[in-house]
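Novice: Please work out how this folds:
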Amino acid sequence: MMYWVWTFIFLSVTYSRGTGACPDKCSCGTTSSCNGTYVNCRFRGLTTVPTNIPKDTCALLLSGNQLTTIENGAFEGLSNLQTLVLYSNQLTTIENGAFEGLSNLQTIYLNDNQLTTIENGAFEGLSNLQTLYLFDNQLTTIENGAFEGLSNLQTLHLYGNQLTTIENGAFEGLSNLQTILLSVNQLTTIENGAFEGLSNLQTLYLNSNQLTTIENGAFEGLTNLQTLVIENNPLHCDCQLVPFLSFAKSRSLGLGLLYEPTCHTPDNLRGTQLKNLQLQEMSRNCGLDFTTVTPGTTELAIVSTEVMLPSNADSTTTTRVTPHNDVISTTMVIPGIYRRTTFTKFSWIVK
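Specialist: Predicted coordinates for the structure are as follows:
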C-alpha cells in the first residue's frame with residue numbers, strides 16, 4: 001500500500017516540476033500529437049483565459065466557453081504551444097499582440113465566434129502558423145495587413161462570414177499560402193490585385209457568394225493556381241466575363257466543386273454551363289447601344305482595335321446593333337469628334 005502512495009507522490013511532484021500546476025477547472029496530461037502538456041479547458045464556463053497554464057503546454061483547448069476577447073499577453077510564456085483551440089466562444093475582438101510569443105504555434109481555431117473584423121497586426125509574431133480557422137464568424141471586412149507576418153501560412157478558412165469585398169492587399173505577405181476558402185460569404189466583386197503576391201496559391205474557393213462578374217486581372221499573378229471554385233454565384237454571362245473565361249480556359253482550371261458553374265442571367269443563357277459558352281454567344285448578350293454621327297444608316301463591323309469617327313459628320317442617329325463576332329469592349333462615340341480608343345482584345349470600327 002505504501003509503495004503506491006509514494007509512487008503517486010513521486011509522479012505528482014515530477015509532473016509539477018516539469019509542467020507546473022494545472023489551471024482550475026481544466027485537466028492536464030500528455031498526448032502523442034505533440035511533445036509537452038495537453039491542457040483541456042473545453043466547456044468549463046470560462047470568461048477569461050485561465051492563468052497558471054504549464055509552460056511546456058503544446059496543445060491548449062479552450063473551446064465551448066464564454067470568452068469575449070483575447071487580451072494582449074493572454075498566452076505569455078507559452079512558447080511551446082503548437083495548437084490553440086478557441087472555437088465556439090463569444091469572441092468579438094482580438095487585441096493586437098494577443099498571440100505574442102507563440103512563435104511555435106502551427107494551428108489556431110477561431111471559428112464559430114462573433115468576430116466582425118480582423119485588425120492589422122492581430123496575428124503578429126505567428127511566424128510558424130500553418131493553418132488558420134476563421135470560418136462561421138461575422139467578418140464583414142479584412143483590413144490591409146491583417147495577416148501580416150504569417151509567412152508560413154498554408155491554409156486560410158474564411159467561409160461562412162459576411163465579407164462583401166476583398167480589398168487590394170488583404171492577403172499581403174502570405175507568400176506560402178496554398179488554399180483560401182472564401183465560400184458562403186456576400187462577395188459581390190473581386191478587386192484587381194486582391195490576391196496579389198500569392199504566387200503559391202493552388203486552390204481558391206469562391207462558391208456560394210453574390211458574384212455577378214469577375215474583373216479582368218482579378219487573378220493576375222496566381223501562377224500556381226489549379227482549382228478556382230465559383231459555382232453557385234449569380235453570374236451574368238456577357239462580354240465582361242469573357243476575359244475571366246479566357247483566363248480559366250488557358251490555365252485549364254476546374255471551376256466547379258460539386259457541379260459545373262452556370263449562367264444566372266441573361267434569361268436565354270440561364271442554366272448554361274460556363275464551359276459550354278463561346279465568346280460569340282456571350283457577346284451577343286451585351287445589348288450594345290451605339291450612338292453614331294453619319295447620315296442615314298451606320299454600318300458597324302469588328303475589323304480592328306480602334307474606334308474611328310468621321311470628323312465631318314453632321315447628323316446623329318442611334319442604331320441598336322446585335323454583335324456578330326467576339327466582342328469584349330464597347331464605346332460611345334461623340335458627334336463631330338474623331339476618337340480612337342484601344343481595347344483589350346476586340347473593338348468596333350465605324351465606317
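Novice: need the strands for the stretch 101-250 of the chain, in chain order.
Specialist: Using DSSP state E, counting those that start in this stretch, the strands of the stretch 101-250 of the chain run over 107-109, 117-118, 131-133, 141-142, 155-157, 165-166, 179-181, 189-190, 203-205, 227-229.
Novice: Pipe the ones you listed into CSV and attach mean neighbour count and distance to I70 per row.
Specialist: The C-beta positions use only the backbone N, C-alpha and C, and glycine is treated the same way. Shown next, in CSV, are the strands of the stretch 101-250 of the chain (neighbours: other C-beta atoms under 10 Å; distance: least, C-beta to C-beta, whole Å):
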stretch, mean neighbour count, distance to I70
strand 107-109, 19, 10
strand 117-118, 20, 12
strand 131-133, 20, 14
strand 141-142, 19, 18
strand 155-157, 20, 18
strand 165-166, 20, 25
strand 179-181, 20, 23
strand 189-190, 20, 30
strand 203-205, 21, 27
strand 227-229, 20, 32
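Novice: Same list, those, but as a markdown table with mean pLDDT and distance to Q82 please.
Specialist: Converted to a markdown table, the strands of the stretch 101-250 of the chain look like this (pLDDT from 0 to 100; distance: least, C-beta to C-beta, whole Å):
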| stretch | mean pLDDT | distance to Q82 |
| --- | --- | --- |
| strand 107-109 | 98 | 7 |
| strand 117-118 | 86 | 22 |
| strand 131-133 | 98 | 11 |
| strand 141-142 | 86 | 25 |
| strand 155-157 | 98 | 16 |
| strand 165-166 | 86 | 30 |
| strand 179-181 | 98 | 20 |
| strand 189-190 | 85 | 34 |
| strand 203-205 | 97 | 24 |
| strand 227-229 | 96 | 29 |
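Novice: any chance of the ones you listed in TSV, plus distance to C58?
Specialist: Converted to TSV, the strands of the stretch 101-250 of the chain look like this (distance: least, C-beta to C-beta, whole Å):
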stretch	distance to C58
strand 107-109	11
strand 117-118	26
strand 131-133	16
strand 141-142	29
strand 155-157	20
strand 165-166	34
strand 179-181	25
strand 189-190	39
strand 203-205	29
strand 227-229	33
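Novice: Out of those, which is closest to Q66?
Specialist: strand 107-109 (16.4 Å; C-beta to C-beta).
Novice: which residues are contacting that closest one?
Specialist: Contact with strand 107-109 is made by 63, 82-87, 99, 126, 129-133, as judged by C-beta atoms under 8 Å, 6 or more residues apart in numbering.
Novice: do the same with stretch 176-186
Specialist: By C-beta under 8 Å, 6+ apart, the surrounding residues in contact with stretch 176-186 are 135, 151-164, 166, 171, 195, 198, 200-210, 229.
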